[in-house]
Structures are given as C-alpha cells and as structure tokens.
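S.K.: model the following, please.
(one chain, ligands or ions: 2)
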Amino acid sequence: SPSDPDLVERARAAKARLGDRVFVLGHHYQRDEVIEFADVTGDSFKLAREAAARPDAEYIVFCGVHFMAESADILTSDRQQVVLPDLAAGCSMADMATAEQVAECWDVLTEAGVAERTVPVSYMNSSADIKAFTGRHGGTICTSSNARRALDWAFEQAGEDGKVLFLPDQHLGRNTAVRDMGMSLEDCVVYNPHKPNGGLTAEQLRDARMILWRGHCSVHGRFSLDSVNEVRARIPGVNVLVHPECKHEVVAAADHVGSTEYIINTLDAAPAGSKWAIGTELNLVRRLANRYAPEGKEIVFLDRTVCFCSTMNRIDLPHLVWALESLADGKVVNRIQVDPETEKFAKVALERMLALP
Ligand code: 13P
Ligand code: SF4
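M.R.: Ligands and ions are numbered 1, 2, ... in the order given. Next up is the predicted model:
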C-alpha cells in the first residue's frame, strides 16, 4: 500500500535537517516505505561493515532488528549513538540462546572433556551476551554470507579432533557443514538447552564434529520440502533459491542457497525469461518480484502460506519519522547501548569475523 504522503514529507524534512549527522541503515527485510529512506541497504554482514565504516555519523538509525543494532553499537565509536526505531523489533531466533543457557552448555562440554577442543561460532543473529561468550572462548561471529569461512577458521583453531559449537541457528550450522563442507548429518548433534546435559551423552559429544544449538528462524522454518516439490510441479523450469536458515531438506532440494545479498545478486544476474521461486522473507521477495518483472524475470514466493518477519515489520514509517524527528530536535530516543564489559569481548568476536579471509 502507498505510504502516507504526509509522513513521507516529514521523514524527508527530518533527514534533511540532520544532514550528514545521521546515517540510516536498512536490512533487506524492511518494508518498502522504510527502505526508501535507507542510505544503504544490505544483508547483516554488509550492514555491520557499513556501520563500522561511518565514523563521522553522529547517529546511526538502524532499520532492522535488535541484534543488528547491538552489533552496530559495538562496532562504532562510543561517541556515536545507534537508534532502533522500535525497541520491540527483536528476533525470535536470537532469543533462543540466553547467556545462562550457553554458560551451562559450556559446563556440559567441559564435563564431557570436549570444551578445550571446541571453538564457538555464533551467528550474527544472537544477543551481545552470546557474542561476548564467543569472544571470551576464542570463537568468531559469522553471518549467512561467511559461515563457511568462519567454520574453516574455527576448525583450524580447534586442531586435531576439534569441534565447533554453533549458536543459535541449527539450520545454518548444519547446512554449511553438510552442504558446503562435506560433513555427514551424523557429524552433527543438536544441543537442546531445555534438557539436562542438552539431551546428549558425553559419548555423543565426543563423537560429534558440529554441536548445533537447538535454535531456528520461525519464518524460514516454515518452508518445507513440499513447498519445493509443489513449486517445481507448478512452474516447470523454475530455479529454487533459498536462504540457509531453511531446514536441511529444503536446502538440499534447492538449486541455489545464500544470504539476502546473494539472493539479490543472483536475481540481478539472471537472464530474462528465467523463473525463480524464493525461500526467504516476503518484503524482500515482493520487492524483487516488482523490480525484475519489467526485465521479464518471473519471481514467486516459495510458499504462499509463509509471510513477513513480524519483528522486522515493526519498523514502519511512523516509527522511523518519530526517531528522525526526535534526533533532529536534539533528543535521542531508543538508543541501543551495549555495556562496556560485554562490548569488549563481543567486539573481539566480531572483529575476528571482519578479519576472516
Ligand atoms: P542475512 O544475513 O542474509 O541478511 O540474514 C539475516 C536474517 O535475519 C535472516 O533471517
Ligand atoms: Fe530473526 Fe528469522 Fe526475522 Fe531473521 S527472519 S530477524 S532470523 S525471526
């Protein structure tokens, strides 16, 4: 639906009043009405780098979810302030691993005698506390665009008979290990934080190469093998392109797998007349379908029953206008600020990611 013209005008005016003092970052899953005001759009890796590369911006307005804004705060200087236009924009996956649960897991690994051979790799989609845990234990952060490189690095660090504890998205961890690195499904075990000892025996932990946290994305988790089979039957010649947060069976049945930025680049390079079914969040798929329709590329949603990421969608034009006008009036609202002790170790882990080859 078209944006309220009054709000569009107010957003423009507030941005103009702020000038170079503000930099607006927009994740690809944001609404069109918000993306319109982003100075840069990207996947979570690109946005982390962009935030770190803007030392002159006094304010970073992050149109995305809480863990992304936290990461931006960690990677920017103390002088810069990061604003999340709606504090309720969280991520259900990030909430699936708490600091207490992860500390308990590390105790279980220690008890089983595997902790010293285990390197944690945490997906960007995690709280600053989990990133700090990762930094403290010699690990790195990864995103969906560098998970393979992060795992290669981690196994190198872990040494002979080494293991990776992958947090919190079991699917990204499994998909990367099995699809990209040739491990078997049996090399992966799932640690369930709601069961004693994660539901695993010491022997299972010792035999595993990948210890996957039992977390998932509620949006991508809804794509199924049936969705893939159905779309292939309905659209002959269709290319199935999915995000690696999808279940393993979906990723195994897809033609291409990658981050949001990869999805966009792939469609950009696709020939006219090609047909695509995309397994990721709906705001992005709709935008791409509209963008590439004039070039004769047919782009459909992989499963018509799956929809938006509800927390990404919380950032809407009214919230953005409120944040920008408040800043223009000299009032910082919804600041995301990670405490210094957490920041110190979380930064170690994030910088390891930024330094990956
Ligand atoms: P990207 O890193 O691909 O942008 O993914 C972020 C995310 O939250 C996907 O659900
Ligand atoms: Fe989190 Fe999934 Fe939404 Fe991404 S799409 S922000 S992983 S809930």
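S.K.: and the residue nearest the centre of the chain, what is it in contact with?
M.R.: The residue at the geometric middle of the chain, judged as the C-alpha nearest the mean C-alpha position with CA atoms, centre = their mean, is Asn125 (4.8 Å). Taking CB atoms under 8 Å, 6 or more residues apart in numbering as the criterion, Asn125 is in contact with Ser44, Phe67, Cys91, Met93, Ala94, Pro168, Asp169, Cys217. The way it works is simple: take the backbone N, C-alpha and C, and place the C-beta from them, glycine included.
S.K.: let's see that with 10 Å instead.
M.R.: Shown here is Asn125, whose contacts under the criterion CB atoms under 10 Å, 6 or more residues apart in numbering are 44, 65, 67-68, 71, 91-97, 141, 143-144, 167-169, 172, 215, 217, 245.
S.K.: then Lys275?
M.R.: Val231, Ile235, Pro236, Gly237, Val238, Asn239, Val240, Lys297, Glu298, Ile299, Val300.
S.K.: please narrow those to those residing in helices.
M.R.: By the criterion of DSSP state H, membership of those in helices covers Val231.
S.K.: pick the one among the contacts of Lys275 closest to Gln204.
M.R.: Checking the contacts of Lys275 against Gln204 by CB to CB gives Val240 as the nearest, at 33.1 Å.
S.K.: so the closest one touches Ile263, yeah?
M.R.: No. Val240 lies out of contact with Ile263 (CB atoms under 10 Å); the separation is 11.6 Å.
S.K.: touching ligand 2 at all, stretch 81-92?
M.R.: Yes. Applying CB under 6 Å from any ligand atom, one finds stretch 81-92 touching ligand 2 at Cys91, Ser92.
S.K.: and the end-to-end length of that stretch?
M.R.: Stretch 81-92 has an end-to-end distance of 25 Å (criterion: CA to CA, to the nearest Å).
S.K.: quick one: name the residues of the stretch 251-357 of the chain near ligand 2.
M.R.: Counting by CB under 6 Å from any ligand atom, the residues of the stretch 251-357 of the chain lying close to ligand 2 are Glu281, Cys309, Thr311, Met312.
S.K.: what about the residue nearest to the first one when sequence neighbours are not counted, neighbour count?
M.R.: Distances taken as CB to CB, 6 or more residues apart in numbering put Tyr29 closest to Glu281, at 4.4 Å, once the chain neighbours are dropped. The criterion is other CB atoms under 10 Å. On that basis, Tyr29 has 26 neighbouring residues.
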